[in-house]
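>>> Everything below, folded, please.
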Amino acid sequence: MSLMTQEGAQSVDSTASADAMGTGAAAPAHYPPADGPAVVIEPGRMSWSWLDLRELWAHRELLYFLTWRDIKVRYKQTALGLAWVLIQPLLATLIFTVFLGQLARVPSDGVPYPLLVFLGLLGWNFFSSSVTSSGNSLVSNAHLITKVYFPRVMIPAAAVAARLVDFGISILILGGFMAYYRVGLTQNILMLPVLALATTLIALGCGMLFSALNVKYRDVGIVLPVLLQLWMFASPVVYSSSIVPAAWRGVYSLNPFVGIIDGLRASVLGRAFDWWSLSVSLGTAVLLPVFAAYLFRRVEAGFADEV
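Down below sits the predicted model:
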């Protein structure tokens, strides 16, 4: 009789443990863990399984909500709100026009210097702000990463997507510049969406790389603004690339933003494209996000422990 009672109690205990595991509830602390080898679930070995586009598509609504959250937080409790999107590029264009266009007399290839600078800032401001915000996005969202699972790439991607609002408003300002300087549209304008997509992909690739590195090495958040500042002056943002000596043009064009900025100017002003520098930029826009996504996926599992 005593033996049957003990066996019955063990059966009840086993049933309670199974019920707790089946419902997702935590097992009571007094139940000892089951003996046996630990089971480790790993991704499949199929080619390209690391990309997991199906999982990203399933979380597409999360990308929307994170993007909308970033937009609201950035302009929350600001006196001018979205007006800052208009003020920042116009103020930068004015400062560069006065000090470089009027005082330093930087050559502009016959293009009004304010229009030349604004076209350079159009692509660069979007890229720089996207990389800065996405590079720090994982660290600033540590409270989300440590609580629930979702594809972590959604965080830097949302930071880049939020900056597309600024880029779209800057395109409207560009229309005002073109009307003021009486610049007509040509068939080259069809390249503008391609260049915008290339800039977005390069920004996303850099954002994934820097955000993953920033989780492990917090120096990245300090070095990143300095790196972007140097990169800006190494790109034809406030000057024309024609001032670069011909002997250096091949090496200079390896900078992917040379082709982006020169391409933006050529598409708006109706001038010939530099296909060598443009091919470097488009190639970077294709390869960099793929490499960054692969590296990001490899180290993603440790973000919750290190962030």
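>>> residues of the longest helix seen in the chain that come out buried?
Longest helix of the chain, by residue count under DSSP state H: helix 154-180. Using 16 or more other CB atoms under 10 Å as the test for burial, helix 154-180 gives 154-167, 170, 173-174, 177-178. Glycine gets a C-beta too; all of them are placed from N, C-alpha and C.
>>> Next: stretch 266-284.
Counting neighbours by 16+ other CB under 10 Å, stretch 266-284 gives 266, 267, 268, 269, 273, 274, 277, 278, 280, 281, 282, 284 as buried.
>>> before we move on, what about stretch 179-193?
Going by 16+ other CB under 10 Å, stretch 179-193 has these buried residues: 183, 188, 191, 192.
>>> now those as JSON lines including secondary structure and pLDDT?
JSON lines is the format used below for the buried residues of stretch 179-193 (DSSP: H, G, I helix; E, B strand; the rest coil; pLDDT from 0 to 100):
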{"residue": "183", "secondary structure": "coil", "pLDDT": "92"}
{"residue": "188", "secondary structure": "helix", "pLDDT": "94"}
{"residue": "191", "secondary structure": "helix", "pLDDT": "95"}
{"residue": "192", "secondary structure": "helix", "pLDDT": "95"}
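>>> circling back: specify which member of the buried residues of stretch 266-284 is nearest to residue 298.
residue 284 (20.8 Å; CB to CB).
>>> any idea how far that closest one is from residue 254?
9 Å (CB to CB, to the nearest Å).
>>> Residue 244 too?
12 Å.
>>> Compare the two (neighbour count), which wins?
Using other CB atoms under 10 Å as the criterion, residue 244 and residue 254 rank with residue 244 on top: 15 against 12.
>>> Of all pairs in the buried residues of stretch 179-193, which one is the farthest apart?
Longest span within those, CB to CB: 183 and 191, 15.4 Å.
>>> Please tell me how far residue 163 sits from residue 130.
Remark: distance between residue 163 and residue 130 (CB to CB) = 4 Å.
>>> who touches both of those two?
residue 203 (CB atoms under 8 Å, 6 or more residues apart in numbering).
>>> circling back to that earlier point, switch the buried residues of stretch 179-193 over to TSV; also include distance to residue 237.
Supplementary listing: the buried residues of stretch 179-193 in TSV, determined by distance: CB to CB, whole Å:
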residue	distance to residue 237
183	19
188	20
191	19
192	17
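>>> Can you show me the helices along the stretch 151-300 of the chain?
In the stretch 151-300 of the chain, the helices defined using DSSP state H, counting those that start in this stretch lie at 154-180, 192-216, 219-233, 246-252, 256-269, 275-299.
>>> Which of the ones you listed sits closest to residue 142?
Once the helices of the stretch 151-300 of the chain are compared by CB to CB, helix 192-216 is nearest, at 8.9 Å.
>>> Okay, now the unreliable bits of the protein?
1-51, 77-81 (pLDDT under 70).
>>> residue closest to the middle of it?
residue 204 (3.2 Å; CA atoms, centre = their mean).
>>> Might one say that that residue is in contact with residue 156?
Yes - between residue 204 and residue 156 there is a contact under CB atoms under 8 Å: 7.1 Å.
>>> what do those two both touch?
What both residue 204 and residue 156 touch, as defined by CB under 8 Å, 6+ apart, is the set residue 134.
>>> For residue 84, find the nearest of the helices of the stretch 151-300 of the chain.
If we rank these by CB to CB, the stretch that ends up nearest is helix 154-180, at 8.9 Å.
>>> by how many degrees do the closest one and helix 275-299 diverge?
160 degrees (axes from the mean of the first three to the mean of the last three CA atoms, to 10 degrees).
>>> how far is helix 154-180 from where the chain is centred?
14 Å (CA atoms, centre = their mean, to the nearest Å).
>>> Residue 133: what's it in contact with?
70, 159, 160, 162, 163, 207 are the contacts of residue 133 under CB under 8 Å, 6+ apart.
>>> Which residues are in contact with the third one?
Right, residue 160. 130, 133, 134, 200, 203, 204, 207.
>>> Alright, calling it a day.
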